[in-house]
Structure formats: C-alpha cells, structure tokens
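Peer 1: make a model of this:
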Amino acid sequence: MILDISTFFEKHEWTSQQVDTNVWLSSFATEREEDFDLYVAAADDWLHFAISPFAPRPRPECTPVLYKALLGLNQQMRLVRFTIDEDGDVNLLADLPQTDISYAGFAAVLDTMVYYTEQLAHEVARTATQLGYRSAKF
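Peer 2: As a prediction, this is how the structure comes out:
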C-alpha cells in the first residue's frame, strides 16, 4: 500500500517534510513553548510515530527514578509508550497498522501524542535532569 503521509499532515493542518523514502518529519510546540520533532515512518504493514527526543538525555544519577516513572506511565497511557533508545534518549512512540488506514486513525495518534506531550514533557524532563525531583503527576 502506498500512503501519502504528507496529505494526512496537511489535512491536520501541520507542515511536514519527507526526509527519506518512507520517513516524514513534522514539529509542534506545547503551551510552554517547547518544540518537539515528530517522525512518521512507514515500514512493512505499520506506521511508526516517534517524538524524539521527548526529554533531555537523563543524567546518570537520575536514571533509576526516571526509568521507574516511565514504566509506571507506560501502564497508564493509551496508544503510546515511552522508550529509551541506544543513545539514552527518551522517546514517545506509537504504532498504527496500515491495514485500512484512515485520516481519522492518523489524526487520533497525532492528537494522543500531543496530549501526552503537553501533560508530561515538562515533568519527565525535570525527572531526567534534577536529582531528587518527584513529580506529582507520576
């Protein structure tokens, strides 16, 4: 199936650029005026979404608390999950099957990722970089 992800972004009133054969990049800002890059990659039968990085690379002394918080959040969130990549960056990921893909499904993933970014990015960043910080949100 050939998808025109750029058209989905345009319909959602987001700009995007195709950065590779099957990879698109867009960005958005939160109410705190923090900017985030959002990647969409088409692979096999799935669309993979990633906000990368979601938070600054954690300080080594902060990682135990951060990792525990991310695992707990993964149990509470719907449609998305946190991961740590090989560079130690925190990423927010989602996947959508390409079978009968629709704009509505694409938009739901984008909206969900923006929602969790608005709710959690600042707190996750503080947990990653401030030793002893404990968020009331998780």
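
Peer 1: can you tell me which residues contact residue 114?
Peer 2: Taking Cβ atoms under 8 Å, 6 or more residues apart in numbering, we find residue 114 in contact with residue 28. The way it works is simple: take the backbone N, C-alpha and C, and place the C-beta from them, glycine included.

Peer 1: for it, report the pLDDT, please.
Peer 2: With respect to pLDDT, residue 114 has a value of 98.

Peer 1: also residue 2?
Peer 2: 54.

Peer 1: show me the contacts for residue 24.
Peer 2: Counted by Cβ under 8 Å, 6+ apart, residue 24 has contacts 5, 6, 9, 16, 17, 18, 39, 40, 41.

Peer 1: if you rank these by neighbours, which is first?
Peer 2: residue 40 (25 neighbours; other Cβ atoms under 10 Å).

Peer 1: what's the closest non-adjacent residue to it?
Peer 2: residue 24 (4.7 Å; Cβ to Cβ, 6 or more residues apart in numbering).

Peer 1: how close does that neighbour get to residue 51?
Peer 2: From residue 24 across to residue 51, the span is 13 Å (Cβ to Cβ, to the nearest Å).

Peer 1: quick check: neighbours shared by those two?
Peer 2: Common neighbours of residue 24 and residue 51 (Cβ under 8 Å, 6+ apart) are residue 39.

Peer 1: got any ranges where this structure has weak pLDDT?
Peer 2: 1-3 (pLDDT under 70).

Peer 1: buried ones in the helix ranked longest in it?
Peer 2: What stands out as the longest helix in the chain, according to DSSP state H, is helix 103-129. Neighbour counts over helix 103-129 (16 or more other Cβ atoms under 10 Å) mark 106, 109-110, 112-114, 116-117, 120-128 as buried.

Peer 1: stretch 83-92 now?
Peer 2: In stretch 83-92, counting by 16+ other Cβ under 10 Å, buried: 89, 90, 91, 92.

Peer 1: could you do stretch 67-74 as well?
Peer 2: 67, 69, 70, 73.

Peer 1: and the closest residue to the first one other than its chain neighbours, what does it touch?
Peer 2: Closest residue to residue 67 in three dimensions, ignoring its sequence neighbours and counting by Cβ to Cβ, 6+ apart: residue 84, at 7.5 Å. Applying Cβ under 8 Å, 6+ apart, one finds that residue 84 lies in contact with 67, 70, 90, 91.
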